[in-house]
Structures are given as C-alpha cells and as structure tokens.
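A.B. asks: Next come a sequence and a model predicted from it.
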2 protein chains.
Amino acid sequence: MEQITVDLGDRSYPVYVGYGILDDIGSMIDDRRASILTDDHVSTLLGDRVQRSMTASGVETQTIVVAAGEQSKQFSSLIGVYDELLSFRVDRETPLMALGGGVIGDLGGFAAGTFLRGIPYIQVPTTLLAQVDSSVGGKTAVNHPLGKNLIGVFYQPRFVLADVETLLTLPDEEYLSGLAEVIKHAVIADEKLFSYLETNRDRVMSRDRDALMNMVTTSVRIKSDVVSRDERESGLRRILNFGHTVGHAIERLSGFGTISHGRAVATGMAAAVRASERLGEIGRDDADRITTLLETYQYQTALPEHSVDEYLDAIHYDKKAQGSHINFVLTAGIGYVTVKKMRATDIVDIIV
Amino acid sequence: MEQITVDLGDRSYPVYVGYGILDDIGSMIDDRRASILTDDHVSTLLGDRVQRSMTASGVETQTIVVAAGEQSKQFSSLIGVYDELLSFRVDRETPLMALGGGVIGDLGGFAAGTFLRGIPYIQVPTTLLAQVDSSVGGKTAVNHPLGKNLIGVFYQPRFVLADVETLLTLPDEEYLSGLAEVIKHAVIADEKLFSYLETNRDRVMSRDRDALMNMVTTSVRIKSDVVSRDERESGLRRILNFGHTVGHAIERLSGFGTISHGRAVATGMAAAVRASERLGEIGRDDADRITTLLETYQYQTALPEHSVDEYLDAIHYDKKAQGSHINFVLTAGIGYVTVKKMRATDIVDIIV
C-alpha cells in the first residue's frame, strides 16, 4: 500500500492506494458509527464487502443508496441525503463515506461539507477517474439546471482510500475516461509517466496490477503537488485544466453524457497541443508524440464538426471563462505547461 | 468609524463600525458589478440609499429581494438566489452583499459560500443581533424542515460594514433581541461593558449614538477575539453558547418565532447563572448582579412552565448536544466563563 499526503496545512490528509485494501476499510474508521453514501450499481458490486469490513470492526453503519449517474447530483438527491443523515442522527463527529465514482464523491463531499456546517468525510473512489482526479483537491459540487457543478464547496476529506482492484470491474468506456486524465497528468508534469504509457500500452489496457498502481499513485502525487500549492484554484491549479476548456465545450456541444468526460478531454488536449505548436510553445516532434499517444489509446484527436460560432458560445459558457479572457492551458514540452490569457475568439480561430 | 480586524490568517477581514457609514458602501467596493441580497422590509428602508451609493461609485448592481422572515431560509429561497445570480452572470470575482439581519446574512453567506464554490461575500448587518453576533464568525446556514441551521458552511466575508444608525428604525422587540447578546458578551468577557450596561440603561434604551457605538464595537471585539482563536467551534468558541443551551430549548418549546431569540437566550442566561451558583462557580452577589441586569432590561428570568421531560427532550434535540454529554457554559464571575461537560438530565435537574 502506498500513502501520499496531500499537504494543506491543518487540512492535510492521506491518500492510501493499494490492491485489495477495500477489505481493511473498517479498521481505518475510529468511530462507532458511520454513514455510507453509494449508488445502486456500486452497492451491488462492493456493498457487502464494505459492510462486512465495517461490521467486523464494530462500526455501526447506515447506507444511503442513490441511483447511479449524473442525475443524482440534483438538489432533490442532496436533500434526500440530508434527510437520511438526520434519520440516522448523524452528529458532528459521525463520518460520511462516499463509496463510488465522481458523482458520489461530488454529492457526498458537498453533503458532508454542508451538513451541520461540516462533518468528517471519507472518500473511497471506485473509478479510475475518481481515483486519479477527484480524490485529490477537495472540490465538491451539485448541479444546477443551468449547468454542471455550479453549486459546491471546497471540502477536504479525512482520508482517501483508493483500491485499484475495484477498477477491474469498470466498463471499458469508464476506464478510458479516467485514463485520459492520467495522460493529462503525464503531459503537464511527468515525462517518465508519459514514456511508461507509450511503452506499456498492453499492460495499461489489460489493467495489470502494477500498471494500475503506477498510474494511480503517480497521478495522485502530481495532482497533490499542484493542489498543495493552490488549494482554491487561484493560479497554479489552473494547469490541471489542460484539455478542459475545449473538452468542456465538446461535452456541451455533444449534449452531456453523449461522450465521456475523458474522451472529450482527450480531444481537447489534442486541440491544445495543436494550439501550443501554432503558438510556438512546443516543437513538432513533441506535439506529434502527444497526439500519437492519444491515438494509441484510441481517442479522437480531431474536433467534432461544429461551427466556429458554436464552439465560441460553448467556450464562453464555461464558468471558468472569466470576463472576456480565458486562461488557456498550453503544453510547453512533455512534462511542462504554460497558461496564456486568450480571448475565446483567438482560441477558436486556432483550433477549429 | 472604528475598524476591528477578525484575525483568521489568510481569511482575516475587517469589520467597520460607524454612524451613517452606509452611504459610503459604494466606495468600498472595488468591483464593477455586485449582487445585493436583501429582504422586502430592509429594501424599503435602505435599498435606495445603498443603490445611490453604488451608482455614484460606478458599481453596476443586481438586487435580489426575498420575503422578510425566517421562511426565507428554506431551500426553495436558496435555489431562487442561485437562479438570480446566474441570470446576472455572476462569476467568481463578483461580490454578493447581504444587506439585512440574521436571516439575510445566513442565506447570503451560504449562497456566496457555495455558488461556484465560493464568491466574494460582503456583509452589511442592519439589526443589532446581526451586528453584534452573526457579523463575526463566518457561520452561514439554511434551515431543514426538521431543524434550524442544519445545513451550512463556515465562510468568511471580505469585509463587514455595520452602520449603527440603521438600528434607529428597528422595532423594540428586535432591538431587545440583539441586546441580550450584548449582555452575554459582557457576562462572559467584559466586566467594564457590564458596568456600562448597568449604569447607562436610559442611553442604551434610547439608542443613544455613543451607546450603540460602544455596544457594537465592544461586542465585535469580544466575539472576534474568541473566533480568531477557534474558527470552527472545536473548543473555546463554545463559550459564546452561554445561555443558548437552555435558550434554544425555550425557543423550541414555545414554538420558534413565538419568543425572540434574544429573549430566550436572556432567560437561558438566567438559568445558567442559577446553575453556576448551585455548582459553586459564582458567588451569590455576582449571580444577583447578572439577574438584576437582565430584569432591568425587562427580560424574563424565570423559566417558562414546561415539564422536566419536555426540557430534557428539547435540550437533547439541540444539535450541539453531542452524544450523551453537553458542553454547558457556566459563568465563573462577571467577565469569566467555564465550560462543563454535563448530562442533560443533570442540567435539567438543576435548572427546572
């Protein structure tokens, strides 16, 4: 088992990454009682295992099950979670554990961060995307009818437990969605991870134990390093948005859910690489290397067909577009990154 | 104008206390745009003045008006606020100003703390209770059908502007509600303020300018000092609950809204003083002095008639009752305080 500390002063916490460590979860809870938030899909796959571990450690539990999928990030689901926490008489010392993917982490983290002005929060991410991305950084959110993640808080967990063995049952599409964020981490910060992904395609795709451990621990280390230096996304943390400005636009234009987040980000990265080359931030060879890696893992590198105006509207809609300028993240060579304030029109001019 | 800094590291902020300073609010906003949240009552009294000041300073504003009263702390009101912020295209740099009493501060603070994971927040409290109590500490909340303030976040404002002149139009009942918290501050931390309240009853009741300035600045200083040392209410901050364990029980038993928060706290303080005397924490003379001051300002010092079991249930219901023991705040002489872990049954045995 690896342990990575996310260093945030008095809000620091450990991320445990291991293989099969889900069975130890009960022994890691110091409290007599705990609430578990999960979805109906994860509950079927892992609910019994977690329950057994908790019972063995003498932890009394309540399990709150919501429907799998983005629709559970609505206000009505959130209010349902509050109701259940109240019925279990959760007090300020009772932890809430989020067992599941990004939706469960976002919903559970927001509920934990706001119930009684904050109760202890434990994150058990069970998708690759959640393990390499949302397990670090404390971003939580629910959706508003007008946009995703518009309502949220920064709230750090007490600890994160990422069992990579749980990734073996992930559908391919979800696995690929998370893998795009792993590639992102390699491009922005780690040439060694990038090379590993180039030369170990088969092990990565077959979800080999060592490959999973390497990808998750390295990603957590990279993200943790960035977040430690910029908890509230005022500067440095923006580099994690590499591929996301265009990626979000693609998700919006395709209709959310039509294309996975990771696939959209992969295509967004390819666009950002082209922009980086055009703007002289990266040479042809490195640009080709990144594009080739994305293609190796079967991501689309060409933008979906939409008009310039459609891309412009979609990019403007993104809440990260502050005023008329956008912090567009470019690559400056593999493992290096630079952020440029650009007008949306200029971005679209270059990429479309 | 007095300026008191609430010292919370990188979340520190100033509280400005003055007479007639509301007209300067526009010049204190550095941004081109701002949202103002207020209620229909305050809007009628002060809306134009604030609007004029903002316009004079070239700040484009949106005003969100909710109904006056506790019912505006429902989820449905909160969601309405989010909708309006979106329609004004509020981004992460656009401040939200809460202009009003405790309800507006709680609702506005929660909305600001959760919209886009936190936008700048400015607090302009216009009741005595809000100026001396909720303007310091960053507590925000909305209500759940099962209880008040169950959902909330700690979120610190960018600054607080407390114009004591706005207190001249407060109904007597609301003024008295805030005054109880001023007395609380005197009892727990400031013998000098206590003496002032004893010897200046007429000036206090007539809302003399100097009396208001003294009460508000001293209260803000006391609360600020406590909160600076315990932002998230893990220890010291509990002393601010003096009178509140029993006060909340009285509010609950009378039906919320029947009796003002301050009146309930005043009666709760009288009960806590009796308990302090019985437990040997305070002498008869000091106990009498506090009780007399409460009576001087026309608060009830005898508990309303309810059975022992009713008091027990009501105290247990309070979310601050963790497990079977309650942190009961006792006075240890005027200006001094002590916290004792007690079972609810023992508290009720002593006070009823």
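C.D. replies: Yep, that arrived. Numbers count the residues shown, from 1 in each chain, chains lettered A, B, ... in the order given.
A.B. asks: tell me the contacts of residue A:182?
C.D. replies: Listed by CB atoms under 8 Å, 6 or more residues apart in numbering or on different chains, the contact set of residue A:182 reads A:128, A:132, A:193, A:197, A:215, A:219. Quick note: C-beta positions are derived from backbone N, CA and C, even for glycine.
A.B. asks: gap between stretch A:41-53 and the chain center?
C.D. replies: Put simply, stretch A:41-53 sits 22 Å off its chain's centre (CA atoms, centre = their mean, to the nearest Å).
A.B. asks: I'd like the average pLDDT over that stretch.
C.D. replies: Stretch A:41-53 shows a mean pLDDT of 97.
A.B. asks: Next, the buried residues of that stretch.
C.D. replies: A:41-43, A:46-47, A:50-51, A:53 (16 or more other CB atoms under 10 Å in any protein chain shown).
A.B. asks: ok, residue A:99 touching residue A:126?
C.D. replies: Yes. The pair residue A:99 / residue A:126 is scored as a contact, 6.6 Å apart, by CB atoms under 8 Å.
A.B. asks: Name all residues that sit in contact with those two at the same time.
C.D. replies: When contacts are counted by CB under 8 Å, 6+ apart, residue A:99 and residue A:126 have A:42, A:46 as shared neighbours.
A.B. asks: Output the set of residues of the stretch 1-150 of chain A in proximity to chain B.
C.D. replies: Neighbours of chain B within the stretch 1-150 of chain A, by CB under 8 Å from any CB of the partner chain: A:75, A:79, A:82-83, A:86, A:91-93, A:113-118, A:139-141, A:144, A:146-147, A:150.
A.B. asks: try 6 Å
C.D. replies: The stretch 1-150 of chain A comes close to chain B at residues A:82, A:86, A:91, A:114, A:116-117, A:144, A:146, as judged by CB under 6 Å from any CB of the partner chain.
A.B. asks: Which members of those are positioned in helices?
C.D. replies: The helices, defined by DSSP state H, take in A:82, A:86, A:114 from these.
A.B. asks: Which residue, other than its chain neighbours, is closest to the last one?
C.D. replies: Spatial nearest neighbour of residue A:114, excluding adjacent residues (CB to CB, 6 or more residues apart in numbering or on different chains): residue B:151 at 5.2 Å.
A.B. asks: if we can go back for a sec, just the buried ones from the residues of the stretch 1-150 of chain A next to chain B, in ChimeraX syntax?
C.D. replies: Remark: buried members of the residues of the stretch 1-150 of chain A next to chain B, expressed as a ChimeraX selection using 16+ other CB under 10 Å:
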select /A:82,86,91,114,116,117,144
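A.B. asks: Out of the residues of the stretch 1-150 of chain A next to chain B, which two sit at the greatest distance?
C.D. replies: A:91 and A:146 (34.7 Å; CB to CB).
A.B. asks: mind checking the SS state of the residue lying closest to residue A:88 once chain neighbours are set aside?
C.D. replies: In space, and not counting its chain neighbours, residue A:88 is closest to residue A:62: 4.1 Å by CB to CB, 6+ apart. The local conformation at residue A:62, judged by DSSP: H, G, I helix; E, B strand; the rest coil, is strand.
A.B. asks: Near residue A:62, how many other residues are there?
C.D. replies: Residues within reach of residue A:62, counting by other CB atoms under 10 Å in any protein chain shown, total 17.
A.B. asks: what pairs with it across the strands?
C.D. replies: Beta bridges link residue A:62 to residue A:35, judged by DSSP bridges.
A.B. asks: Quick check: it touching residue A:33?
C.D. replies: No. Residue A:62 is not in contact with residue A:33 according to CB atoms under 6 Å; the separation is 7.8 Å.
A.B. asks: Quick one: check the helix or strand of chain A with the lowest mean pLDDT for contact with chain B.
C.D. replies: One helix or strand of chain A scores below all others by mean pLDDT, DSSP states H and E: helix A:308-317, with a mean of 89. No. Using CB under 6 Å from any CB, helix A:308-317 never reaches chain B; the gap is at least 10.3 Å.
A.B. asks: Show me what that helix is packed against.
C.D. replies: Packing partners of helix A:308-317 (3 or more CB pairs under 6 Å, 6 or more residues apart in numbering or on different chains; DSSP states H and E): helix A:244-254, helix A:344-351.
A.B. asks: Need the CA coordinates for the following helix or strand past it. CSV is fine.
C.D. replies: Counting by DSSP states H and E, the next helix or strand C-terminal to helix A:308-317 is strand A:325-331. Provided in CSV are the C-alpha atoms of strand A:325-331 (Å, rounded to 0.1, in the frame of the first residue of the first chain):
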residue,chain,number,x,y,z
HIS,A,325,-10.3,36.4,-21.4
ILE,A,326,-9.8,32.7,-20.8
ASN,A,327,-6.8,31.1,-19.1
PHE,A,328,-6.0,28.7,-21.8
VAL,A,329,-3.5,25.9,-20.8
LEU,A,330,-0.8,25.1,-23.3
THR,A,331,1.9,22.4,-23.2
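A.B. asks: angle of strand A:325-331 against helix A:244-254?
C.D. replies: Angle, strand A:325-331 to helix A:244-254, by axes from the mean of the first three to the mean of the last three CA atoms, to 10 degrees: 110 degrees.
A.B. asks: Same question for strand A:325-331: list its buried residues.
C.D. replies: Residues of strand A:325-331 classed as buried: A:326-331 (neighbour count, 16+ other CB under 10 Å).
A.B. asks: got CSV for these, with distance to chain B and pLDDT too?
C.D. replies: Shown next, in CSV, are these (distance: CB to the nearest CB, whole Å; pLDDT from 0 to 100):
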residue, distance to chain B, pLDDT
A:326, 12, 89
A:327, 12, 91
A:328, 17, 94
A:329, 17, 96
A:330, 22, 96
A:331, 25, 96
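A.B. asks: Let me know the closest of the residues you listed to residue B:230.
C.D. replies: Using CB to CB, residue A:327 comes nearest to residue B:230 of those, at 36.7 Å.
A.B. asks: In contact with that closest one, which residues?
C.D. replies: The contact partners of residue A:327, by CB atoms under 6 Å, 6 or more residues apart in numbering or on different chains, come to A:238, A:339.
A.B. asks: now it, which residues is it bridged with?
C.D. replies: residue A:341.
A.B. asks: how close does it sit to residue A:343?
C.D. replies: Using CB to CB, to the nearest Å, residue A:327 is found at 12 Å from residue A:343.
A.B. asks: likewise residue A:270?
C.D. replies: Note on residue A:270: its distance to residue A:343, by CB to CB, is 21 Å.
A.B. asks: Between these two, tell me which one has more neighbours.
C.D. replies: The residue with more neighbours, out of residue A:270 and residue A:343, is residue A:270; 24 against 13, by other CB under 10 Å.
A.B. asks: does that one belong to a helix or a strand, and which?
C.D. replies: If you go by DSSP H and E, residue A:270 is part of helix A:261-278.
A.B. asks: Run the chain-centre distance for that helix.
C.D. replies: Worked out by CA atoms, centre = their mean, helix A:261-278 lies 17 Å from the chain centre.
A.B. asks: How about stretch A:248-268?
C.D. replies: 14 Å.
A.B. asks: For the strand or helix carrying residue A:46, name the packing helices and strands.
C.D. replies: Per DSSP H and E: residue A:46 is located in helix A:40-56. Other elements packing on helix A:40-56 under the criterion 3+ CB pairs under 6 Å, 6+ apart are strand A:60-66.
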